[in-house]
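Q: Structure of the sequence below:
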Amino acid sequence: MITQKERKESRREQVRKVGQSGNYWYAMELSKNLKKGKSIEAKFWKSSIALFRGEDGKVRALENRCAHRQIRLTSGVVNGNNLICQYHGWTYDGCGKCIQISHEIGTGKKDKLPNIMINYYPVQEKYGFIWVFPGDPEMADKVPLPSIPQLDQKKPWKFIPIDITIDAHFSMILENVCDFNHAFLHRDYRPFTDPHLRDYYRQEDTITMEYDTDLSQSQVVKVAGEKQGKEFDNMTLWYQYPYQASNIADKYLHWLFMVPIDEKTTRCFFVFLFGALEIPLIRVQIPQSVRWPLLKLINKFYVIPLLNQDLWALNEEQVAHEKHPDEHHYEFNPIVSEFQKMSLEKWDQYLQSEVDREVRQKDEKKKFIFHGCGVTKADLDMHRAKVNENGKVLA
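A: Numbering: from 1, shown residues only. The predicted structure follows:
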């Protein structure tokens, strides 16, 4: 008889325990929420990050702890382009180096500042978001941010981002937004009806799905959609790790940027893009420049109530998973298995890159050995043990 300890975990159980790779760019905050001279806390897979905007207007990101007593730096003060700990006044620049200590250091060392560093993370701002690269900073320039053509053009489409935190693992959210078999949940709003998964395939880091579905029953499309949605009968979705998106005839699109906080919490930024909207009854297209009031109404009375139904289901699924983690799971949509394989694969790649990075830092005799955000020593030890067990060679 196989004991609980000897039982091999299912892929679903394994994926519900891992984070996302830190070697990608993540939208961690809305730019408008971080004013000049202020700091704010962001979280990435059980790790705290201090975001602060200096007097030069640029955002910087540091490990959210002072090297002295581990106090959160976001409780401190922004001075110029530096961040000062509230407790003893230790000052850090944007690269994580302690450049000033406001008190006597010690007998005979009053004038000598020790070499003190904390981790830092590359930052960019785009599309109204603050993007952070929480993994290996040396890889940041080689990894592009997601590209949204409708927002990169000369006259970008208008949108109002939706920022919500969901009490569920990120993999559950991904499975939800790409599995149209849950149309029953949204029967009151009918964003899609009679879905059929026509095709799906993976190319490198992107999984693409093609659905045939009736989109003309959507309340928004019926009221303000082009031709009331009568010519829209298919949708393309993709998971371009770690970003998820969809496209309907290049007229209605959405992007989802997830930030994994822990095993049961994920912050989500939704971007809904409407390229074709008409004034009801007279069916005249509404210019992008005057859409703000209508977009607010669509979010308030349609998009957010629709998302709230998903929030309810995902919260229930998270609770159910915690109660019945090892129960047999019936799954009929093949894309769910593909997502889970990719999530596990990318987490292993992240851990391996951190093992390699640690070796590199030691070989270079660096005084400070930093790991990517969200990675612990226990994670690396478990990864080494798993790789050795499988007969692979570690750096």
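Q: Residue 62 belongs to a strand?
A: Yes - under DSSP: H, G, I helix; E, B strand; the rest coil, residue 62 falls within a strand.
Q: Isn't it up against residue 91?
A: No - the pair residue 62 / residue 91 is not scored as a contact, 11.6 Å apart, by C-beta atoms under 8 Å. No exception for glycine: its C-beta is placed from N, CA and C like everyone else's.
Q: Common neighbours of those two, please.
A: Residues touching both residue 62 and residue 91 (C-beta atoms under 8 Å, 6 or more residues apart in numbering) are residue 83.
Q: Distance check, the closest residue to residue 193 other than its chain neighbours against residue 184.
A: The spatial neighbour of residue 193 that comes closest, neighbours along the chain excluded (C-beta to C-beta, 6 or more residues apart in numbering), is residue 214 at 4.6 Å. According to C-beta to C-beta, to the nearest Å, residue 214 and residue 184 sit 14 Å apart.
Q: who are the neighbours in contact with residue 23?
A: With C-beta under 8 Å, 6+ apart, residue 23 has these contacts: 133, 135-136, 139, 143, 349-350, 353, 372.
Q: go on, residue 292?
A: Residue 292 neighbours (C-beta under 8 Å, 6+ apart): 158, 160.
Q: hmm, back to that, and residue 214 and residue 184? which has more neighbours close in?
A: Neighbours were counted for residue 214 and for residue 184 using other C-beta atoms under 10 Å; residue 214 has more, 17 against 6.
Q: so how far is residue 192 from the more buried one?
A: 7 Å.
Q: Can you report how many residues neighbour residue 359?
A: So residue 359, with other C-beta under 10 Å, has 12 neighbours.
Q: May I see the buried residues of the helix or strand containing it?
A: Residue 359 belongs to helix 334-363 when assigned by DSSP states H and E. For helix 334-363, the neighbour count (16 or more other C-beta atoms under 10 Å) marks 335-336, 338-340, 342-344, 346-347, 350-355, 357-358 as buried.
Q: same deal with stretch 120-137?
A: Neighbour counts over stretch 120-137 (16+ other C-beta under 10 Å) mark 120-123, 126-127, 129-137 as buried.
Q: And it, how far out from the chain middle?
A: 11 Å (C-alpha atoms, centre = their mean, to the nearest Å).
Q: then it to CSV, C-alphas only?
A: What follows is stretch 120-137, C-alpha atoms only, in CSV (Å, rounded to 0.1, in the frame of the first residue of the first chain):
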residue,chain,number,x,y,z
TYR,A,120,17.8,45.9,-6.8
TYR,A,121,15.6,45.2,-9.8
PRO,A,122,15.5,46.9,-13.2
VAL,A,123,12.4,49.1,-13.9
GLN,A,124,10.6,50.5,-16.9
GLU,A,125,7.3,52.4,-17.4
LYS,A,126,5.0,51.7,-20.3
TYR,A,127,1.3,51.8,-21.0
GLY,A,128,0.7,53.5,-17.7
PHE,A,129,2.3,50.6,-15.7
ILE,A,130,5.5,50.3,-13.6
TRP,A,131,7.2,47.2,-14.9
VAL,A,132,9.8,45.4,-12.8
PHE,A,133,12.2,42.6,-13.7
PRO,A,134,12.5,40.6,-10.5
GLY,A,135,15.0,38.0,-11.6
ASP,A,136,18.6,38.3,-12.8
PRO,A,137,19.2,42.0,-13.7
